[in-house]
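**Q** Structure of the sequence below:
(3 chains)
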Amino acid sequence: MTDVSINHFTYEYPKSEVKVLNDVTITFKHNHFSLLTGPSGSGKSTLLYFIAGLYPHFIGNDALGSIKFGEVDVKQIPRNQISHSVAMMFQNPNQQFAMDTVIHELTFVLENMLVDPSKMDEIINHALAFCGIEKLRSRVINTLSGGEKQRVALACIVAMDPPVIVLDEPFASIDPDSRLDLIKKLKLLQQEHGKTIILADHDLNDYQGVIDEFYYLDPDSHQINLLAAPAAQHFFDQFKTTQTINKQVEIPAKGTPSVIDINDFKLQPHHSLLLALGKFKFYQGKTTLITGANGIGKSTLFNALTKLLPYEGTIEYSGKNIQKIRPLSYAKNVTLLFQDAENQFLNITVKEELDLSLKNRTNQAYTNDDVASMLKQLNIEGREDQVVYSLSEGQKKKLQIIEMLIMNPPVLLLDEPFKGLDYHSLEVVVGFLNRAKSQFHQTQIIISHQLSGLDPLIDYHAHFADQNLTYQEVIK
Amino acid sequence: MDNKTQASMNRHHQSKWTLRNIILIALIAIFTGIIFWGAGFLYTALTVALTPIGGAPFANDLLMGLWCMAGPLTGFVVRTFGSAFVGEFLGAAVEVFLGGQWGAGAFISGIVQGIGSELGFAFTGYKRYDWVSLNASIFTTVIVTFAWDMIKNGYNKFGIPLLLALFVTRYISTFIFGGVLTKMIVKLLDRSNAFSL
Amino acid sequence: MNPGLKLLLVMAIALEISFTQSLIVNVILIIASFGYILIHRISFKALLGLILWPFFPALGLFVSQWLYGTAGIHFAWILFTRIYAYVFLGATFTLTSSITDLALTLEQDFRLPSKFAYGVLAAFNLMPKINEEVKIIKTSALMRGEALHFWSPKLYFKAILSSIQWSQNLAEAMTSHGFVEDQKRTHYRVIRITGLDWSWFIGLFAIVQGLLFFIRY
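**A** Presented below is the predicted three-dimensional model:
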């Protein structure tokens, strides 16, 4: 029996005294599939890293309380034995492998666990077969898609064969088929191989009917509660509503002035075709919402539009091939709001960040009062001297949005701009974007999974599916 | 003594050569290697421009500071014996694998530059990480690499005036890139509290 | 040949010809290395690069030595061929050995602590991502209205911030994949330095010594 019991567990970040977890006492039951949910940045990962025995080793300070596997305290397990008890799958598929190829990584894992080399082939074959990736055996990991990488990560865990498996938002950047498949595989590991599975996710798709227990980390009390079925159902329903809006939008009429024209376009990183477009336009002064499944290539399209990735065919901005526009000039005209806010930061403090935007902006559209008012409305005023990297994820996102609005580019691409924002902040940001569009004629192209609350903003809707992008009237 | 202070003291005595720091040093070396790689055309252009008047070695000395940046950076980020050497050597190795113009020569230059860079930190006993230790590192880097080029690139066959001009050029370059630029980078890292991570 | 020994041999010879002054030996080394590379069938493009890019620094050294050196044109030719000898010697290693094999042999035969072998290897395997990251840093700075160049502190600052984050992620992931610093590991692929490897190493090194001893021109 390996119940994972958390006892009076309290953790706060070093030197901040902000509680992340406050006196948490729960038990993840043996041979159960437990889902841990809660807003992003609320501390789910922190708990998982402690369960996996990675913290406190990889973080500055320890927590109070204890974590036990059955009767054994995690801390009593020697470091070279911990992998026999628990394995972890991470959110970022790109930084979880040491070796170049799939087979090398699997061997590396087994060598670490002191497995007899003569038994490795069999274990590896079984792990690959279980995950359905025999074909990936000799592939170079860098050339795999996000979904494939996470399958490899699962194969590593299957090869390690620990009783407890923890997963930290493992599906954040992978396609829905991979997601569903991996969830099924995890269920199989639980039911037929007796594993205890603890998975943190804020995206609640596909878990209904699969998970045994639903835990919620409350961001205000910093405590975790096991929810009864009706309460869990409430969360599932609520999640669904954030992913839907009932809105009819128009299909762009003929003759609508375009700002970006894409022709004979093909996007195929790593030689697998993501998108092929004969002719496609984004329209001047409109907000276009791009929907479509995870990992299908929406962000990759933005990377092509910002010249971060090579593509076939031509992209024109205002009638000019973007490859012929000088890099600085193009970047200030067609600007990307990166999904990861930190990518956008170039300075140290909040004030320096805002000053940089004020200095380099394309025009003087926003007055100093506007800026002050935006900061106030998003509740991040009075932090001028704070180091941006020490802001919470939500605060980083808000600052990033404000500084990119100040830059006031004619075309703003927004990649999941509402991630990590509460609903009120989302409404405020939608207001800002509407103003940028109506007063400053900004063209906006948005990738977002969060749909509720966007009604007042969206003019057109383009759906990404089957390697194609098409304008649709209905958003779903 | 309670358990907690015991643990933190143990941490203090632990070697800084942890898996994480090794990866960190290697990553910084690769990043700098790739950034210089982008500047490689500059070296070739300078060489081509200076060759007709026989001044090609100046291209080498003008950019020397750039090739020697990984050492001081990794030396400052991971403050322990050998980090500057390993960072500089790996930075040079990256150039070899990217297909640089130096081939096996870069491995050896990497070792030489690494020793030069490391010596400066060694002279200050790995105790100070400031303008003084940086200047010590610049000084030792220039001396060691110049001595090496006396042999490898035949500088010892040049007359004193040319030799002096090359030496001064190299010193200025190393001072600007290995010194001033490194100091600015370290200051940014300091202010962002990156060192406490 | 064992990649570790090969690297050692290449570096030893490169070091040696930095001190010696034999034009003919340099040329012999170039030809021998060139032949070795050809046998391994590398791409024409890579070969062209090997010949073309070193030409500029080699010519540069040649001309300056010829104009201002006190040792005459013969020494200028030595420097010219030395550059090519470095490049072709290096290529015999980089174009025909895998970094993974090098890490394995360094761990198993050269007693390099596994944390160095696999830590550095893991970082090298991220090279394509690092390339992309440099591009992202530069592009996102352009979007803030700043062009970053190789002399911009912020470019390195952002790169080091990414390095800090990535090194943490990678070390955690490797640890969760069972890797523990300074602990015993088993080896699926045992790489040994064979008698044949040693024979090649000693033989080739001896030949180079002989050449350098007898051929002084």
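
**Q** how much space between residue A:95 and residue A:41?
**A** When distance is defined by Cβ to Cβ, to the nearest Å, residue A:95 is 19 Å away from residue A:41. For glycine as for every other residue, the C-beta is placed from the backbone atoms N, C-alpha and C.

**Q** Chain C: helices as residue ranges?
**A** Assigned by DSSP state H, chain C shows helices spanning C:3-19, C:23-39, C:44-52, C:55-68, C:72-94, C:99-108, C:114-125, C:127-143, C:153-176, C:195-214.

**Q** who has more neighbours, residue A:95 and residue A:41?
**A** Under the criterion of other Cβ atoms under 10 Å in any protein chain shown, the comparison of residue A:95 against residue A:41 puts residue A:95 first, with 21 against 18.

**Q** Contacts only, for the more buried one.
**A** Residue A:95 is in contact with C:126, C:166, C:169, C:170, C:173, counting by Cβ atoms under 8 Å, 6 or more residues apart in numbering or on different chains.

**Q** Thought residue B:23 was touching the first one, still the case?
**A** Okay, so that is residue C:126. No: in this structure, residue C:126 is not within contact of residue B:23 by Cβ atoms under 8 Å, at 9.1 Å.

**Q** Name the residues contacting each of these two.
**A** With Cβ under 8 Å, 6+ apart, residue C:126 and residue B:23 have common neighbours C:166, C:170.

**Q** More neighbours: which of the two?
**A** With neighbours defined as other Cβ under 10 Å, residue C:126 and residue B:23 compare such that residue B:23 has more, 28 against 24.

**Q** The residue in chain A that chain C sits nearest to and chain B, how far apart?
**A** Nearest residue of chain A to chain C (Cβ to the nearest Cβ) works out as residue A:360 at 2.6 Å. Look at residue A:360 and chain B: by Cβ to the nearest Cβ, to the nearest Å, they are 18 Å apart.

**Q** tell me the contacts of the closest residue in space to that residue that isn't next to it in sequence?
**A** In space, residue A:360 comes closest to residue C:145 once its chain neighbours are excluded; the distance is 2.6 Å by Cβ to Cβ, 6 or more residues apart in numbering or on different chains. Contact partners of residue C:145, counting by Cβ under 8 Å, 6+ apart, are A:328, A:332, A:356, A:357, A:359, A:360, A:361, A:407.

**Q** Residue C:19 too?
**A** The contact partners of residue C:19, taken as Cβ under 8 Å, 6+ apart, are residue B:151.

**Q** now do residue B:168
**A** Residues near residue B:168 by Cβ under 8 Å, 6+ apart: none.

**Q** just to revisit the earlier point, could you tell me the phi and psi values at the residue nearest to residue A:360?
**A** Phi and psi for residue C:145, reported as degrees, to the nearest 10, are phi 90, psi 10.

**Q** Can you tell me how far the residue in chain C that chain B sits nearest to is from chain A?
**A** The minimum distance from chain C to chain B, using Cβ to the nearest Cβ, falls at residue C:60 (2.4 Å). Using Cβ to the nearest Cβ, we find residue C:60 at a distance of 31 Å from chain A.

**Q** ok so, going back, the contacts of residue A:95: which ones sit near chain B?
**A** Taking Cβ under 8 Å from any Cβ of the partner chain as the test, chain B is in contact with C:126, C:166, C:170 out of those.

**Q** so which of the residues you listed comes closest to residue B:62?
**A** Among the ones next to chain B among the contacts of residue A:95, residue C:126 lies closest to residue B:62 (Cβ to Cβ), at 30.8 Å.

**Q** what about the closest residue to residue C:144 other than its chain neighbours, which SS state?
**A** Distances taken as Cβ to Cβ, 6+ apart put residue A:346 closest to residue C:144, at 5.4 Å, once the chain neighbours are dropped. Recorded secondary structure, residue A:346: coil (DSSP: H, G, I helix; E, B strand; the rest coil).

**Q** next one: the one 5 residues further on
**A** When the structure is reduced to helix, strand and coil (three-state DSSP), residue A:351 reads as helix.

**Q** got it, and residue B:146?
**A** Using three-state DSSP, the structure places residue B:146 in helix.

**Q** For it, give me its contacts.
**A** Applying Cβ under 8 Å, 6+ apart, the residues contacting residue B:146 are B:155, B:166, B:167, B:170.

**Q** what's the distance between it and residue B:171?
**A** Using Cβ to Cβ, residue B:146 is found at 9 Å from residue B:171.

**Q** circling back to that earlier point, from the contacts of residue B:146, pick the one nearest residue A:240.
**A** residue B:170 (66.2 Å).

**Q** Using just helix, strand and coil, how would you label the most centrally placed residue in chain A?
**A** By Cα atoms, centre = their mean, the mean C-alpha position of chain A lies nearest to residue A:172, the distance being 4.4 Å. At residue A:172, secondary structure determined by three-state DSSP is coil.

**Q** Go ahead and confirm it touches residue A:91.
**A** Yes: Residue A:172 lies in contact with residue A:91 (Cβ under 8 Å); the separation is 5.3 Å.
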